[in-house]
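Engineer: My questions are about this predicted structure, shown below with the sequence.
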Amino acid sequence: MVSLEPLLEKFDNLPPKGKFGISALGGFAITKISIRTTMKAVKVGGAAFIMTEVLHQAGVLDSVSNRSEESHEIIYGIRQKIASTVNGCRIAVRRKLNVDNMRQVYKSCLENEKMGTLGFTTGAVAGLLF
């Protein structure tokens, strides 16, 4: 396991402008990576939806609707597992991304490391705009 202690010590020794700059760079990079990944997921999802609509209009999926009772059970089990997993992820995201929780974390970070927090926020906004 990699220890971040040496990096934290070096960050703590930086002057305020250095903390701001490093944090802005980190916020910018994380935002760009997140946006790019999200956009790719949306594009793949959209392409998959369009493909299924084309297959449906072409009549290719008509033969799929004539399934056996065993395949109905398998598909139902898969559907239940996916629904359970998605619901678990949804609950975890709602718990972690609670607005009040995020506000509290931001305030504590701002109190502990003002220049780092402001730099990260500035970098994140710049990453969204550019």
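Structural biologist: Noted; the coordinates are in hand. Values in this document were obtained by computation on a predicted structure and should not be read as measured data. Residues are numbered from 1 along each chain as shown.

Engineer: Name the helix or strand for Leu14, please.
Structural biologist: Leu14 belongs to no helix or strand when assigned by DSSP states H and E.

Engineer: who are the neighbours in contact with it?
Structural biologist: Ile22 (C-beta atoms under 8 Å, 6 or more residues apart in numbering). (Each C-beta comes from the backbone N, C-alpha and C, glycine too.)

Engineer: right, and the helix or strand after the longest helix anywhere in the chain?
Structural biologist: Using DSSP state H to define each element, the chain has its longest helix at helix 16-58. Once the chain leaves helix 16-58, the next helix or strand it forms, by DSSP H and E, is helix 69-96.

Engineer: I'd like to know the average pLDDT value across that following helix.
Structural biologist: Averaging pLDDT along helix 69-96 gives 86.

Engineer: ok, now stretch 4-12?
Structural biologist: Per-residue scores along stretch 4-12 average to 86.

Engineer: And stretch 20-37, by the same measure?
Structural biologist: Stretch 20-37 comes out at a mean pLDDT of 95.

Engineer: Can you list the buried residues in that stretch?
Structural biologist: Residues Phe20, Gly21, Ile22, Ser23, Ala24, Gly27, Phe28, Thr31, Lys32 are the ones in stretch 20-37 that count as buried (16 or more other C-beta atoms under 10 Å).

Engineer: Distance from the chain centre to that stretch, please.
Structural biologist: 13 Å (C-alpha atoms, centre = their mean, to the nearest Å).

Engineer: ok, and what's touching that stretch?
Structural biologist: 11, 14, 115-128.

Engineer: Stretch 3-11 now?
Structural biologist: Lys19, Ile22, Gly116.

Engineer: Also stretch 106-118?
Structural biologist: With C-beta under 8 Å, 6+ apart as the criterion, stretch 106-118 contacts Phe11, Pro16, Lys17, Lys19, Phe20, Ile22, Ser23.

Engineer: Please tabulate these in a markdown table and include distance to His56 as additional columns.
Structural biologist: Compiled in a markdown table, the contacts of stretch 106-118 are given as follows (distance: C-beta to C-beta, whole Å):
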| residue | distance to His56 |
| --- | --- |
| Phe11 | 54 |
| Pro16 | 59 |
| Lys17 | 58 |
| Lys19 | 55 |
| Phe20 | 54 |
| Ile22 | 51 |
| Ser23 | 49 |
